[in-house]
Each structure stands twice: as C-alpha cells, then as structure tokens.
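> can't give you the sequence, but here's the structure:
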C-alpha cells in the first residue's frame, strides 16, 4: 500500500495536481487522498482504477475486482483451525449508525471487505472522516458538522443495498435530500415499501419516480409523542432503519414484528452504549427511548459472523476434512446445528464464552468427517431463531454431499434457488421445481469446471467451496461478489490446505 501510495503521489505531483484536485475528480476527500499516498488507508482496486483514469497512468497491472478470477486446484484434504471475522452485516449497520453520533466512533475488528469499502467511499464522499487505525484492525469514524450530499459517490452507492440505511441518520438533520437507488446482490425485486411504512411515523415521505435513479426524501412535521410501529415484514434492514430513526427521537417508540437477528442485536448494543434506552433485545418487540442528540466518543466491537462460520463448516463437510472453527456465535446457529445433527454431521463443541461486545454467546467447534444422510423434511429458512436465509445456499452444497434426496425451499427471494442449479456444472444432481424450490440428490462426485460467479454473494461462495472439493483445476471468474462479504478468503482457505490463487488479465 505504501508503494501504491508513493506511485500515486509521484504521478499526481508530476501533473501539477493538488491532493484536493485529485480528490474532487474521483469523488472523495483530500484527507483520504493524503492517507492513501502515505499508505495508511485501504484502497480497493476500483479506487485504483479511478485514480489511474484521472492521472492517465496504469498504477497497477491487475484488472479490477470485477474481472479478477480464482484458479482452484481442488480435491485436497483440509485441516487446521480458523478464527471468524466480525460480521459483515453488523459492520454495515454500525457504519451507518455512526452517523447518528456527532462524536468519534471506533469500530474494532471491522472486516476488510468490498461492501465495507463501498460504504466507506460513500461516507467519505459526503464529508465523513474515516481512517484505519491500530495496525489497520479498527475503523475510526468522525461525522462532519454538515454533510455535503451533492458530492456523494453515486457509483459506490449504487453497488450496495445499504445506501437505504443512510435515510434515518439524515432525516434527523435535513428536511429534504436525495440518495441514489440501492444496489447490491441480484436477488429479484426487493421493494423498499416496508422501510417507507416503518419510517412514515417519523414524518418520512419518499418520491422514487420523479427523478429516475434517486430517492427524493422529505421530512414533514411530526408530533413529539410516543409511537407504535408494526413492521409489515420481519426484515433485518427494516428493523435497523426503524431503530436508527427512533434513536434520535426523545419519545418512546415501540417496534413490533422486529427482527431479533444478530446484526440487529449488534446495532442495539451499540445504540445502548451511546445512551439510547432499548428493551426487548433478542425478541420481536423493541421499546426504544431515544435522545435529542448524541455526541459521544465511543469504541465498539461487533460480534463474529455466523455466516462465515457456516462457510467454513461447509468447507469441512464438502472436503470430508477435520477443521476447528473458533469464536462461533452459537445462539444464531442452533437450528443449523440441529439440522446438521439430524443429517448425521459430527461436530464437537467447547464450553460457551462471550464475544468482545460482552453479550453474544460464542463456542469453538470441531467439524469431523462423517457420512451424511438427507434430512427427513425439507430445509427452509425462517426468521431468527430459524435457519438464516443467508445460510440456506450452504445447505444445498451440504445436501449434495449427503446420501438421499433433499428439498431446499428458498421462499424469500424470487430467483436465488435458481442459482443452486449451477452446482450441476460441478457434478451435483439438482432438479429445479420452480423459482423457489430445488431437489438436491447426493452423494456427489465433484468435478472441476470453468464458470462465472452468480450475482449473489452466498451462492457464489457455495460454488467456490464446490470447486475446492472437486479434484482437478477449476476457474471461478469475476469474484467481486464474493469479496463483498468475505475478507481474504482465498488465503484463509489456503492456510487450511486449499490451493486457490488469483488469475488476472484473462
């Protein structure tokens, strides 16, 4: 990073351009450019591409992350142990929630993933001071006195669905503003109507048709009184938006049909540490007593990622390997583990202990080789404490390793079940019943292949694991989707014995 920063500084200076001028041209801040040039800030390949275009020089010879691919030499036995990173979905919510606080927030152990990088780029572009500290383990966030929304990085914003989570913090500061449409994974039509209904009690009005590609937001007059909100869907992001809106309302807000999922709980704990009163955490009814304003210097550590735990657990099962997985958030995986027990998976557990946030229950597990059998009933997701919707794609790969026929029912997303059929390219027997249901029959003898990742994070990760299990050389193209949600995944798998390497310029 220091070498890259030195090249950028040299090329900028030779062109007679100031840091401020470069920052303006690429849609970021002068302090961000200063940190980049000193090698003190993480810089994505997409950002390198922007700078290269402005400076008219090729800073790196690799392609951007959209065209980066993995070469996988599969069929190897894995072994060893891995410690989980902090939750991607919690980091997203917490980054947006820092905008509620006029003080300094340090988020400890934030995963260095593309989704986080996109949000950082968006926040920096509107004036938020962000830097990696403590040997790049932690992220320091200091909001400005005033946001400059006219300079928002629209390209970064439209590559993450999380942009919609900027609405609650901004609605407490401005009577009107606009934001780009949300992006993220391609999982079919995903209406924002539940968000709008939840926030309407706080005076929110959104026009999403007058200016194509933008949400035009207006905030009307609202009585200072207690309010009750019933969410029409028990969604994680919807609940988080309602929580952030309530955090800066000094009256009492009762949120019913709230999601009690892991990222929502992390957000609640952070808001509590800021001084917001919240009861009912872990249930479907949250009672929030907000504050008029928040100005507090705070440090917070998000809990470990249950979805990453499921990834490495599936890696062990698919490769018939013994792997120890450290710091598993057991309370958000108990139904998954019970389903695996029914399928004859052999998993050993340590005694429970607490996460760094002081609340989340953790265990260490050891996954051992076992002969799996298909479950007697279908596998389907449910709101917490059921099987997490994002863990369902991993069960398609696990089902392909089990003897018998398993029905996978993905009732939430319109077309994600269709992505499971991509496993047939690696030898799995998959029968698509409709856009929501597939039969998977195993056990499978995996075979290598060359294919492109689907535009959805968890199905893409499943294909990578199938390639790790398949004897021979596979190529997985355009891995940006995977990098959205996992940090340094190839190297972490390689430390367990896998053989995965970037394949660029192809």
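Perfect, thanks for sending it. These numbers were taken from a predicted model, which means no experiment stands behind them.
> now the helix or strand of the chain with the lowest mean pLDDT: buried residues?
Lowest by mean pLDDT, DSSP states H and E among the helices and strands of the chain is helix 45-55, with a mean of 80. Of the residues in helix 45-55, 45-52, 54-55 count as buried by neighbour count, 16 or more other C-beta atoms under 10 Å. All C-beta spots, glycine's among them, are computed from the backbone N, C-alpha and C.
> now for it, which elements pack on it?
helix 2-14, helix 19-26, helix 114-125 (3 or more C-beta pairs under 8 Å, 6 or more residues apart in numbering; DSSP states H and E).
> quick one: mean pLDDT over the second one.
The predicted model gives helix 19-26 an average pLDDT of 89.
> again, but for stretch 251-263
96.
> tell me the pLDDT of residue 147.
pLDDT, read off for residue 147, is 94.
> leaving aside the residues adjacent along the chain, what's closest to residue 285?
residue 256 (5.4 Å; C-beta to C-beta, 6 or more residues apart in numbering).
> nope, residue 196 is what I meant
residue 206 (5.4 Å).
> tell me if I'm right that the one you found and residue 217 touch.
Yes: in this structure residue 206 lies within contact range of residue 217 using C-beta atoms under 8 Å: 5.5 Å.
> quote the end-to-end distance of stretch 154-172.
The separation between the terminal residues of stretch 154-172, taken as C-alpha to C-alpha, to the nearest Å, is 22 Å.
> now it: buried residues?
For stretch 154-172, burial by neighbour count (16+ other C-beta under 10 Å) applies to 154-172.
> and the residues you listed, which of them are in helices?
Among the buried residues of stretch 154-172, the members found in helices (DSSP state H) are 154-157, 167-171.
> and those residues, which is closest to residue 298?
residue 169 (15.3 Å; C-beta to C-beta).
> for that closest one, which residues are in contact?
96-97, 99-100, 244 (C-beta atoms under 8 Å, 6 or more residues apart in numbering).
> ditto for residue 90
By C-beta under 8 Å, 6+ apart, the contact list for residue 90 reads 262-263, 266-267, 302-303, 305.
> now residue 265
281-282, 303, 359-360.
> who wins for neighbours among those?
Of all these, the highest neighbour tally under other C-beta atoms under 10 Å goes to residue 303, namely 28 neighbours.
> tell me the pLDDT at the nearest residue to that residue once chain neighbours are set aside?
Nearest non-adjacent residue to residue 303, counting by C-beta to C-beta, 6+ apart: residue 360, 3.9 Å away. In this prediction, residue 360 carries a pLDDT score of 96.
> list the contacts of residue 360.
Counting by C-beta under 8 Å, 6+ apart, residue 360 has contacts 262, 265-266, 303-304, 329, 331, 354.
> buried ones among these?
By 16+ other C-beta under 10 Å, these give 262, 265-266, 303-304, 329, 331 as buried.
> nearest to residue 180 among the contacts of residue 169?
Residue 180 has its nearest neighbour among those in residue 96, at 14.7 Å by C-beta to C-beta.
> name the SS class of that closest one, please.
helix (DSSP: H, G, I helix; E, B strand; the rest coil).
> how far away is it from residue 89?
12 Å (C-beta to C-beta, to the nearest Å).
> now swap in residue 114 and tell me
14 Å.
> one more: residue 28?
In terms of C-beta to C-beta, residue 28 sits 25 Å off from residue 89.
> over to residue 359?
From residue 359 to residue 89 the distance is 16 Å (C-beta to C-beta).
> cool, and residue 343?
26 Å.
> repeat that for residue 102.
Distance from residue 102 to residue 89, by C-beta to C-beta: 25 Å.
> could you do residue 205 as well?
Distance, residue 205 to residue 89, by C-beta to C-beta: 28 Å.
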